[in-house]
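**Student:** give me the fold of what follows.
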Amino acid sequence: MVAPSVAPSVALSISKSIILAAAMSVASLYSTAAAQEASADAVMTVPVSKDLRASVDNFWHYGKIARYELATAEGQKILDSGADSTSILAAFEDVAATRKDNLDQWLLRWSGVEAMQPVTSQLMDQLNAGYLARRSDPTFIQANIERLMVNERGYALGIAKLRQSGELAVPLMIEYLRSPAQAKHHTAIRRALRDMGRLAINPLTAATEMKDHDTLIVVIGALGDLGYGAAGPYLARLATSVDSPPTVKEAATQALAKLQIAGSPADLFLNLGEQLYYDRADIQADGRSPNAFVWYWAVDKGLHKVDVPNPIFNEIMAMRASEYALKLGGGQGDALSLWLASNYKREAELPAEAVDATRAENQPDAHYYGVSAGAQYLNAALTRALNDRNSAVAAGVIRSLQEIGGQSNIFGPAGAPLVDALTYPDRIVRYEAAFALAQSLPQQSFEGSERVVPLLAEAISQTGVPSALVVMPTQDELNSLIEGMKGAGAVNATGATSAEAAVAAGQGLSAVDVIIVAEEMNASEIDTLFSLASQNPKLAGAAKLVLTRTGASLWETRKQNDALLSTSQARDADGVQAAMAEASRKAGALPTSDETATAYATRAAELLQKLAISRGQVMDVSAARASLLLSLEDRRPEIVMLVGQTLALIDSPDAQAGLLNKALADDVGDDVEISLLNSLATSAKFFGNRLDAGSTERLLKVVAEETNLDVRSAAAEAHGALNLPADAAKKLIVDQMKV
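**Tutor:** So this is what the prediction gives:
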């Protein structure tokens, strides 16, 4: 479709404003070129009411003479006027130009004045909305395209305005190039595409799919002149394609020489995909827009865009680059794993309630493509996520591996990233990795297998409350900080005044998210603490927070190369707690909640039962016995019952005693008591009676005296399963006799 030219007569019929008429009158006094430039200015003029113009002028005047209360009143009058954002923008630009002031500088200055800040902030929002509306207006874009050829001043003004429109100007510029009727504009547009700079790369690379070879050669030349390496793979594809005519191949080859880029198109696309994945590519979203633009070329639509949320732009573009690499047949494995990782990252970074319009309504999710690709490529994607400290991607990939992973495919030539994930800083990633390894029921021992069962036991005890291990130089400082952090149940914390004692104290916590240590402990003691922690399964993945005294601390330098290390000069409980949250975020930790913690506890207990029933020799469930006994005191009844069912499968006197003691506790509900007694019966069936005489007497008393018949029946079953001597059974019969 050819964009129509806006002649002065057409513009005059569209707009009857006094400003337009004045501009056209002045234009008649000058040369034809000057008249065309004045016409272009007129087309872009937005009518502004006298009252709005006066209010903006008053706001400006009172702001500059520091009469802030009067300026605020005028600003509120502007906001309440009902004028649209483009009119408000036009009024402000006119006032600033008349006064020869810099619009942005003065608004920023007033936004820093407390009395003017609220109204100035709202006015700036209106101006930003005005900029956005104007820059995307086809009439605005068209007028500035046509002013490019008027003269050098017209070109300078036009290209400045087209840069405001950015990517949005390129489709119309391409349409002008495709139209023989607009030939007089072609030279200026070719120059303008180059002068648009980075803003033009994204749509121009998409336009390389066009079949209009004459226009394509212009696009190729512009990409070569722009000088950005991101154009390389697109140009290399054209230079080597059997479908490209000689003229296109020659143009692409010359552009590649300008860029000093060589290599196969597939490898270049894979490299571009890597750069996009890590947000380092020349192709970037225009941050001035609320959405990013993904450009496509279609015969019937030409160059057109799909709006997507800014946070997922790079991921979508990395997927597209990977798709090109796969289609071109090079770097298949790397391109496939990069595509998978980008897709998981796209889902993880998609804002809540937002939609990715590049995906079809019924298109499968990342998990679908991950499991269909297989463990080899998921392992590669997981390795990338672990190296990047991207917890969301790592957790997503591991969940897919759980569905297809087994002894035959989890372990590869380079090892198992799932095993590496067992020591990852984020607890959710650690738990998911433990779940994946546990449910694969491995039959051969592997390095790191000893970490799986303790992690499952740790997961059972999770409540969603963060945990900290604190190390301070004195007991008073330690007690003060821990008590403050425990206030309102915000943090589970324990600690000590030495490295060795702290590591020992940490074993009493169900998990440790952050190790907090004061710089006064001195560097060697802190190094010892971190070294001991790295060798401890419960502490190895914890973030490290050093409370420094000044910004010149050596730990400020060290943290630059350690994703797990953070610093803070806070010493009060609230400040340390905030720093703890930031340290967890830097280390890649995902947020947890009570619901999430309960879900993980449930899965962990069920997997421990599965391992116990399988009687596997690789993972010893008895390693979880101590933690499970502690978890019998959990406040969640459903978790207590699951823990009891797991303890029933561990051969230990402590297990049977723990089940009975908890079942008979005063604060236990009938349903939990029945479940625990049933678990005691299960334990007795497997391992026989491991209770002492005092415990069996307590159980017998429940059998004989409990008023709730369901509880009484469950106790009787446990009693019978223990296979006690005849005297115990005889006593029940005798006691119930009626003489």
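**Student:** and Val470, that one's in a helix?
**Tutor:** No: remark: Val470 does not belong to a helix; assigned using DSSP: H, G, I helix; E, B strand; the rest coil, it is strand.
**Student:** so who does Val618 touch?
**Tutor:** 442-446, 449 (C-beta atoms under 8 Å, 6 or more residues apart in numbering). C-beta: built from backbone N, CA, C; applies to glycine.
**Student:** buried ones from those, can you make that a PyMOL selection?
**Tutor:** Burial among those is assessed by 16 or more other C-beta atoms under 10 Å; the matching PyMOL selection reads:
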select buried, resi 442+446+449
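**Student:** pick out the most distant pair among the contacts of Val618.
**Tutor:** Gln443 and Ser449 (11.2 Å; C-beta to C-beta).
**Student:** where along the stretch 351-500 of the chain do the helices fall?
**Tutor:** For the stretch 351-500 of the chain, the helices defined by DSSP state H, counting those that start in this stretch occupy 366-373, 375-388, 391-404, 417-421, 427-439, 452-460, 475-486, 499-506.
**Student:** from the chain's centroid, how far away is the one helix or strand Leu628 maps to?
**Tutor:** Per DSSP states H and E: Leu628 is located in helix 625-631. Centre-to-centre, helix 625-631 and its host chain are 35 Å apart (C-alpha atoms, centre = their mean, to the nearest Å).
**Student:** now do stretch 273-290
**Tutor:** 15 Å.
**Student:** kindly check the end-to-end length of it for me.
**Tutor:** 24 Å (C-alpha to C-alpha, to the nearest Å).
**Student:** which residues are contacting it?
**Tutor:** So stretch 273-290 is contacted by 131-132, 135, 166-167, 198-199, 201-202, 205, 228-231, 272, 292-293, 310, 313-315, 317-319, 321-322, 325, 335, 338-339, 341-342, 345, 388 (C-beta under 8 Å, 6+ apart).
**Student:** tell me what the helix holding Leu628 is packed against?
**Tutor:** helix 452-460, helix 637-647, helix 653-663 (3 or more C-beta pairs under 8 Å, 6 or more residues apart in numbering; DSSP states H and E).
**Student:** if we can go back for a sec, can you lay out the helices of the stretch 351-500 of the chain as CSV showing mean pLDDT and distance to Asp125?
**Tutor:** What follows is the helices of the stretch 351-500 of the chain, written out as CSV (pLDDT from 0 to 100; distance: least, C-beta to C-beta, whole Å):
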stretch, mean pLDDT, distance to Asp125
helix 366-373, 96, 35
helix 375-388, 94, 35
helix 391-404, 95, 31
helix 417-421, 92, 44
helix 427-439, 91, 37
helix 452-460, 89, 46
helix 475-486, 90, 39
helix 499-506, 92, 49
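**Student:** Gly551: which of the ones you listed is closest?
**Tutor:** helix 475-486 (21.1 Å).
**Student:** and that closest one, which residues are buried?
**Tutor:** Quick answer for helix 475-486 (16+ other C-beta under 10 Å): 477-478, 481-482, 484-486.
**Student:** in a helix, Ser289, correct?
**Tutor:** No: using three-state DSSP, the secondary structure at Ser289 is coil, not a helix.
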